[in-house]
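structure for this input, please:
(2 chains)
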Amino acid sequence: KAGVTQTPRYLIKTRGQQVTLSCSPISGHRSVSWYQQTPGQGLQFLFEYFSETQRNKGNFPGRFSGRQFSNSRSEMNVSTLELGDSALYLCASSLAGRQGAEQYFGPGTRLTVT
Amino acid sequence: AQTVTQSQPEMSVQEAETVTLSCTYDTSENNYYLFWYKQPPSRQMILVIRQEAYKQQNATENRFSVNFQKAAKSFSLKISDSQLGDTAMYFCAFMKYTNAGKSTFGDGTTLTVKP
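Model (predicted):
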């Protein structure tokens, strides 16, 4: 099976712009989660989608949003970018059941805001 | 809210030796999963081992094993016969049964295996 893929891998944006990141989960996985990884804050949970519904949301401002499509692919959007949004954004997919709680991570999208 | 603490920011070990990484967590939940993930330099995060809280037996995966002490809320990872490829950042993570898809991570331990 193909692993979790994320596009683009690298992105440079300017403050005030918006950005959309994409994630394709492992085939058959219906849960997609997003995390922000920074040296100062570590790995922080953004949100999780399951069957096109947001089930969990972390403590991030409303500028961070996401969605999931019927094929389980997910996108996250960050509007009005700030310098502090520079981070590695990781997507993870899972079966999300008792036998599939572990998450499989993509390579990440490295976002730099200048 | 759950918290996960990894008290060792950096560790090193000689090749072929054994090393133990510490993790403690705080939760009022009774049903949960614990994981160790490995993130090699500039490579993606992969699962090392998982433990379900209701299982008393410690999980093992080849050279990797855990010491799960539920009452003490401790979940340490032992790596035996360390290899150069084990050099990576290791994250301990917690997930409630009722919050599938949402993991809480520790700050990580950077492990360096020296030849």
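
quick one: contacts of the helix or strand bottoming out on mean pLDDT in chain B?
Each helix and strand of chain B was given a mean pLDDT (mean pLDDT, DSSP states H and E); the minimum falls on strand B:60-61 at a mean of 92. Contacts made with strand B:60-61 from outside it, assessed by CB atoms under 8 Å, 6 or more residues apart in numbering or on different chains, are listed as B:Val48, B:Ile49, B:Val66. In short, each C-beta sits where N, CA and C put it, glycine included.

surely A:Ala87 touches A:Pro39?
No: using CB atoms under 8 Å, A:Ala87 makes no contact with A:Pro39, being 9.1 Å away.

which one's more surrounded, those two?
Per other CB atoms under 10 Å in any protein chain shown, whichever of A:Ala87 and A:Pro39 has more neighbours is A:Ala87, with 22 against 7.

check contacts around the more buried one.
With contacts defined as CB under 8 Å, 6+ apart, the neighbours of A:Ala87 are A:Gln36, A:Gln37, A:Thr38, A:Leu111.

which one of those residues sits in the busiest neighbourhood?
Once you tally neighbours by other CB under 10 Å, A:Gln36 ends up highest among those, having 22 neighbours.

could you name the helices and strands sitting against the strand or helix carrying it?
With the criterion set as DSSP states H and E, the secondary-structure element containing A:Gln36 is strand A:31-38. Counting contacts by 3 or more CB pairs under 8 Å, 6 or more residues apart in numbering or on different chains; DSSP states H and E, the secondary-structure elements packed against strand A:31-38 are strand A:42-50, strand A:74-78, strand A:87-94.

need the residues of chain A near chain B, please.
Near chain B, the residues belonging to chain A are A:31-33, A:35, A:42-43, A:45, A:48-50, A:55-56, A:58, A:90, A:92, A:94, A:96-98, A:101-108 when assessed by CB under 8 Å from any CB of the partner chain.

just the buried ones from these?
Restricting those to buried positions leaves A:31-33, A:35, A:42-43, A:45, A:48-50, A:55-56, A:58, A:90, A:92, A:94, A:96, A:101-108, with burial counted as 16 or more other CB atoms under 10 Å in any protein chain shown.

which pLDDT value belongs to the residue nearest to B:Val19 when sequence neighbours are not counted?
By the measure of CB to CB, 6 or more residues apart in numbering or on different chains, the closest residue to B:Val19 outside its immediate chain neighbours is B:Val13, 4.0 Å from it. In this model, B:Val13 is scored at 98, pLDDT.
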